[in-house]
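**Student:** for reference, the sequence and a predicted model appear below.
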Amino acid sequence: MAGVTIDILRQLLPTHDIVRYDNSTQHVTLRDGSVLCVWSYRQSASAQSCASALERLNGDSTVPALCAADVAGRLCGTAFVVGTAPRGQMLAHAGIGMSHDQRYAIGQQLGQMVARWHALTYAGFGALNDATHKIGRAHV
């Protein structure tokens, strides 16, 4: 497996003005300063699941937006997905110095996000709760 390179990313994302790709962090930096992430997968099915989930969750501001994907690994022998970089900082770092109430509030927000995601109907799986939802985003 050759792996993802800046040339492959430029081929997959021709309209993006890529200036740098850091293979160690898997971050793509664009000319305007925005950052994309590259997620590599050993199995095409896993990459397809990620791409499908991001596509389905499009518009949910808590989820990275799907930019491109090579779920079959045709470009470099590795299945991968490119999305916008998650905002903020890792919870493990942010939680240092927070009060119990602040950590509890973050936990509630995380629970609400996951509940929204699990309320989606996904072909082959269905909603992860008891309610029947139409295809598309459900409101929790």
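**Tutor:** Right, received. Where do you want to start? Residues are numbered from 1 along each chain as shown.

**Student:** quick one: name whatever helix or strand follows the worst-scoring helix or strand of the chain on mean pLDDT.
**Tutor:** Within the chain, confidence by mean pLDDT, DSSP states H and E is lowest for helix 91-94 among all helices and strands, at a mean of 78. Once helix 91-94 ends, the next helix or strand along the chain (criterion: DSSP states H and E) is helix 100-118.

**Student:** just checking, what packs against the least confident helix or strand of the chain?
**Tutor:** Using 3 or more CB pairs under 8 Å, 6 or more residues apart in numbering; DSSP states H and E as the contact test, no helix or strand touches helix 91-94. (C-beta placed from N, C-alpha, C; glycine too.)

**Student:** hmm, who's touching it?
**Tutor:** Residues from elsewhere that reach helix 91-94 (CB atoms under 8 Å, 6 or more residues apart in numbering): 88, 106.

**Student:** ok, stretch 42-60 next?
**Tutor:** Here stretch 42-60 makes contact (CB under 8 Å, 6+ apart) with 39, 41, 63-66, 69-73, 79-81, 83, 113, 116-117, 120, 122, 137.

**Student:** just the buried subset of those residues, please.
**Tutor:** 39, 41, 63-64, 66, 69-71, 73, 79-81, 83, 113, 116-117, 120, 137 (16 or more other CB atoms under 10 Å).
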